[in-house]
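pasting a predicted model and its sequence here:
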Amino acid sequence: MKQKYYVNDNAQPNGDHEVHVPTCHKFPEIYNRTYLGEFETCQEAIREAKNRHPKANGCIHCCTPCHTS
Ligand SMILES: [Zn+2]
């Protein structure tokens, strides 16, 4: 099932821009996020997010398989 993914436009302290789904409790505020689109996997969402933020990374809570740092 496809999910909507968003990227946080505010970087984490380590420079990562986290990718989230709307159900995440760490979901960014509306003024801090950009809608990426609907994807089957977080890997596809990360790929799209990297077009905007080269240091995009999966959220440890909602995109655990895509969280690398
Ligand atoms: Zn999240």
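In hand now; what should we look at? Numbers count the residues shown, from 1 in each chain.

in what helix or strand does the residue positioned nearest the centre of the chain lie?
A centroid search over the chain (CA atoms, centre = their mean) returns Val19, at 0.7 Å, as the residue closest to the centre. Under the criterion DSSP states H and E, the helix or strand holding Val19 is strand 17-20.

may I see the buried residues of that strand?
For strand 17-20, the buried set under the neighbour-count rule, 16 or more other CB atoms under 10 Å, comprises His17, Glu18, Val19, His20. Every C-beta, even on glycine, is put in place using the N, C-alpha and C of the backbone.

what are the ranges of the helices in the chain?
With DSSP state H as the definition, the chain shows helices at residue ranges 42-52.

which residues of it lie near the ion?
By CB under 5 Å from the ion, the residues of the chain that approach the ion are His20, Cys24, Lys26, Cys59, His61, Cys62.

now do the contacts for His61.
Applying CB atoms under 8 Å, 6 or more residues apart in numbering, one finds that His61 lies in contact with Cys24, His25, Lys26.

any idea how far it is from Glu18?
Using CB to CB, to the nearest Å, one obtains 9 Å as the distance from His61 to Glu18.
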